[in-house]
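Student: Provided below are the primary sequence and the corresponding predicted coordinates.
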Amino acid sequence: MQSMAQDNMSSAVSSNVVTASMGFDFTQVASGTPMLVCPTLISDLSVGGNKRRNKQRSAEFKESIKAKGVIQSLSVRPSTTNPNRLELCAGYGRRDTALELGLASVPVIVNSFSDKESLAIMLTENKDRENISIVDEADLAQSYLSLHDGDLNSAALHLGLNLKVFRERLLLKRLSENVLEKLADPSNKFSLGHALILSTFDEKTQEQTLEAILADPQTYTVKELKLRASKRQLNLKTAPFDTADCQKCQYNTGEQFDLLGDNECEAKCSLPSCFNEKAQSWVKTTRSQELEEKYGRVILWEAKPENDRRTVTAESVGDKQFADGCMSCESKCVVVDDRPMRWGNYIVDQCINTDCFTELAAANKQVIEDAKKAHELKQSVDIEANTTEHEASSDVDAQQEKVAIKSRQTEVSLKRKTSAAALEDYRAQLRHSSANVFLQDKRFRMAMVLASLCNISNYKPECLQGQHKTFNQQVMVYMGLDSITIQKEMGNAVVHHATAGGREGTCPTDLMIDALASREDGLSIATADWLPTSDRLNMYNIAQIQRMCSDAGFNDSYEQANGEGSISLLFNSRKSEIIKQIMGFEFDWSHYAPTDYQDLLRQ
């Protein structure tokens, strides 16, 4: 059966056109393989988006494809959700024209591109095509910003726009899709100037203003629209920021009309530029800080479009991976909005490493399927063997299946990207713990001296067996030698230094960690030395601190001392108060250290 499937694949790759009816598995094709496929099998790329707002192609382009077919191969990859389909990285114009003309096949090259690689290829093609519009540039600007993980300078440089123009294009992404479509249509008397002014409005106001401009473009010039926009009044009740400073402001209409003494008018801001500036500043400072304390890393909505992130849940990646991996991962973010009338809206548990998410989701799906099959097989065996009475309720079966799934999920290796600050703290603590032990170790001191001599002289003792080893690796090797051999090699290194020299870099932190890891009691020493401090706890968000306290047994001790429900009350407080209470509570942490910290000794 397997040989037949391989023969079919070889045949399809070499000559046949792959069609939907064949159910061909593109994931089994080697990267770089050329093929002929039906264009209906090729979907748009699942990341980045490719709106291609101006899809008009020249008559010559269409006539050429009609007469000769598609000559230049399309760049594709296997679909991330369906092994029988492809995703298009480059060649949208050729694919769309082939579909329009009803061509039976197009040439493709199938590659195993990651999300980031695929997006880079697609963006390069879009950037380099002719007749690119301002709206296309806006789409590209946001996609390039996503590709460069929110780095404005790098994204602008790679797109080939100066920073001012790049920021201007990003502002256009605040417009509704309808407004963008009208801007992309050259037949409309709706200009970039109009659009930039509308980008400061909420979506409802954008649509109303757009309708007025299109109906009477002679009246609603850019100059006139700018004047009217400057006279807009925004209800201060909608302000996300503290309006205490606005109470006596000259642009507060409530203060002006209250001179009548009726106290019936609503306070409005007649300086919208100030209002918008304060609202955006509130999002980027106050709101973002609150969210960061509670959930972790925060990014603005424009840095990662919806297509370039995934909502990560326990159901999608598995309970253990979600709790012990994703919750502590730097790629899990909160996306916060700073657009008008959406100020401070946010969505949690957003994974911005789509390749990692796809891999984890696929692995979890396989775990669930395997557990279900194993459970069904056990049930059928029990029935056939008459070893049990098969009268269990469906609820019991479902519960047993859940247990089987969770059991298998615990066997899957966790993946996470720990924050740089936490990792550096872990490494510094491990170095300190190791130094306390090995500064008293005579053989370690001698090994360090020998490695230093070898590093300076470029001498390689026989025990290295001709291999290139770093300074730290040399120390670990020399620690395995006896004292007499080490002293002998020291002399050889001194002699060698008289005729040769050289130097290699060192990393003492890695060395001390490696040395501590070599001891049987290294993990227990490191664990006992790690203690929570205010600075350390401040590196984590509230959810991570709560997890650490739970794993260490702190929660139980705190409840016993302060009464039932006290731990829930504690973690409903601000992070600063939580840390203060934890540090002020007497608890023995010597048996606990974070998993990421311990893992550095296991690598």
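Tutor: Happy to help now that I have it. Residues are numbered from 1 along each chain as shown.
Student: burial count for residue 169?
Tutor: 24 (other CB atoms under 10 Å). Quick note: C-beta positions are derived from backbone N, CA and C, even for glycine.
Student: typo on my end, it should be residue 525
Tutor: Considering only other CB under 10 Å, residue 525 is surrounded by 17 other residues.
Student: what's the answer for residue 218, then?
Tutor: Residue 218, neighbours per other CB under 10 Å, totals 7.
Student: That one is in what secondary structure piece?
Tutor: Of the helices and strands defined by DSSP states H and E, none includes residue 218.
Student: Tell me the secondary structure of the nearest residue to residue 160 once chain neighbours are set aside, please.
Tutor: Among residues not flanking residue 160 along the chain, residue 127 sits closest, at 7.1 Å (CB to CB, 6 or more residues apart in numbering). At residue 127 the chain is in helix, as set by DSSP: H, G, I helix; E, B strand; the rest coil.
Student: Please enumerate the strands of this structure.
Tutor: Along the chain, counting by DSSP state E, strands occupy 17-18, 33-37, 42-44, 74-78, 86-90, 106-110, 234-235, 268-269, 298-300, 310-311, 332-336, 346-351.
Student: is it possible to export those strands to a markdown table including mean neighbour count and mean pLDDT?
Tutor: Listed next are the strands of the chain as a markdown table, based on neighbours: other CB atoms under 10 Å; pLDDT from 0 to 100:
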| stretch | mean neighbour count | mean pLDDT |
| --- | --- | --- |
| strand 17-18 | 18 | 91 |
| strand 33-37 | 19 | 94 |
| strand 42-44 | 18 | 93 |
| strand 74-78 | 23 | 94 |
| strand 86-90 | 24 | 93 |
| strand 106-110 | 22 | 95 |
| strand 234-235 | 16 | 90 |
| strand 268-269 | 22 | 90 |
| strand 298-300 | 19 | 94 |
| strand 310-311 | 17 | 94 |
| strand 332-336 | 23 | 95 |
| strand 346-351 | 20 | 95 |
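Student: Nearest to residue 486, out of the ones you listed?
Tutor: Judged by CB to CB, the one of these that comes nearest to residue 486 is strand 332-336, at 47.8 Å.
Student: helices or strands next to the closest one in the packing?
Tutor: helix 288-295, strand 298-300, strand 346-351 (3 or more CB pairs under 8 Å, 6 or more residues apart in numbering; DSSP states H and E).
Student: Can you give the contact residues for the first one?
Tutor: If you take CB atoms under 8 Å, 6 or more residues apart in numbering as the criterion, helix 288-295 is touched by 298, 334, 336, 346, 348, 541, 542, 543, 574, 575.
Student: can you check the last one too?
Tutor: Outside strand 346-351, the residues within contact range by CB under 8 Å, 6+ apart are 287, 291, 295, 298, 304, 309-313, 326, 329, 331-337, 357.
Student: Now flag whichever of the contacts of helix 288-295 is closest to residue 142.
Tutor: residue 336 (16.1 Å).
Student: Tell me which of the helices and strands packed on strand 332-336 approaches residue 197 most closely.
Tutor: strand 298-300 (21.4 Å).
Student: In this structure, what helix or strand scores lowest on average pLDDT?
Tutor: When the helices and strands of the chain are scored by mean pLDDT, DSSP states H and E, helix 2-14 comes last with a mean of 46.
Student: just for the stretch 501-603 of the chain, where's the confidence low?
Tutor: Within the stretch 501-603 of the chain, the segments meeting pLDDT under 70 span 501-506, 508.
Student: can you give me the helices in it?
Tutor: Assigned by DSSP state H, counting those that start in this stretch, the helices in the stretch 501-603 of the chain fall at 508-517, 522-529, 534-537, 542-552, 554-562, 566-570, 575-584, 595-602.
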